[in-house]
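Chemist: Here you go, sequence then predicted model.
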Amino acid sequence: MAEKVTGSSFVLEIVTPTRSVLREEAYLVLLPAAKGYLSAMYSHLPLISTLKPGILEFMGKKRQLSLFVEGGFVEILPDKVTVLAERVEMEDEMDIERAKALKADAEEKLKTATDKDKGPFLAYEEATQKLLLLDKRHFVL
């Protein structure tokens, strides 16, 4: 079912394999794309990209929100942005002490990791991004 958007807003939909996280009108979204952060606004050229673990921020008609996404895909169309994420954590679902412990554990494993050991690098990236979000260090919004 297509939703009609007015003005310069678009529909932002975020889903995971287990739940629909949100669906609302937005003006701007900032996404952790595979090769760096990318922003999307109404009338954006069509684009599909993979996502890396990081902070997704958006400014909507009703609210401004930041959340953590762990990989997945994004489809950007002129009037809709769809995020298919492996996992999404809202700010109130995160535990800062758990993120600090995850980062410390990853730092220890990085000391002996080789180029082939991606686990410690991914764990470090995830923990760092969560701590940025929990410390309220937003990018542009």
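Modeler: It's in.

Chemist: Work out for me the element Lys103 sits within.
Modeler: Element membership for Lys103, per DSSP states H and E: helix 96-110.

Chemist: next one: that helix to chain centre, how far?
Modeler: Averaging C-alpha coordinates over helix 96-110 and over its chain gives two centres that are 20 Å apart (CA atoms, centre = their mean, to the nearest Å).

Chemist: what mean pLDDT would you report for the very next helix or strand once past that helix?
Modeler: Following helix 96-110 in sequence order, the next helix or strand is helix 118-134 (DSSP H and E). Model confidence over helix 118-134, given as mean pLDDT, is 74.

Chemist: how about helix 118-134: buried residues?
Modeler: 120, 123-134 (16 or more other CB atoms under 10 Å). No exception for glycine: its C-beta is placed from N, CA and C like everyone else's.

Chemist: just the angle between it and helix 96-110, please?
Modeler: Relative orientation of helix 118-134 with respect to helix 96-110: 150 degrees, computed using axes from the mean of the first three to the mean of the last three CA atoms, to 10 degrees.

Chemist: Show residues contacting helix 118-134.
Modeler: Outside helix 118-134, the residues that touch it by CB atoms under 8 Å, 6 or more residues apart in numbering are 32, 52-55, 66-68, 70, 89, 91, 94, 96, 99-100, 102-103, 105-107, 109-110, 113.

Chemist: Can you say which of the residues you listed are buried?
Modeler: Neighbour-count burial within these applies to 32, 52-55, 66-68, 70, 89, 99, 102-103, 106; the criterion is 16+ other CB under 10 Å.

Chemist: What is the nearest of those to Ser43?
Modeler: Ser43 has its nearest neighbour among the buried ones among the contacts of helix 118-134 in Pro32, at 22.1 Å by CB to CB.

Chemist: Give me the angle between the strand or helix carrying that closest one and helix 118-134.
Modeler: Pro32 is part of strand 20-33 when elements are defined by DSSP H and E. Using the same axes, to 10 degrees, the interaxial angle of strand 20-33 with respect to helix 118-134 works out to 110 degrees.

Chemist: from the middle of its chain, how far away would strand 20-33 be?
Modeler: The gap between where strand 20-33 is centred and where its chain is centred comes out at 9 Å by CA atoms, centre = their mean.
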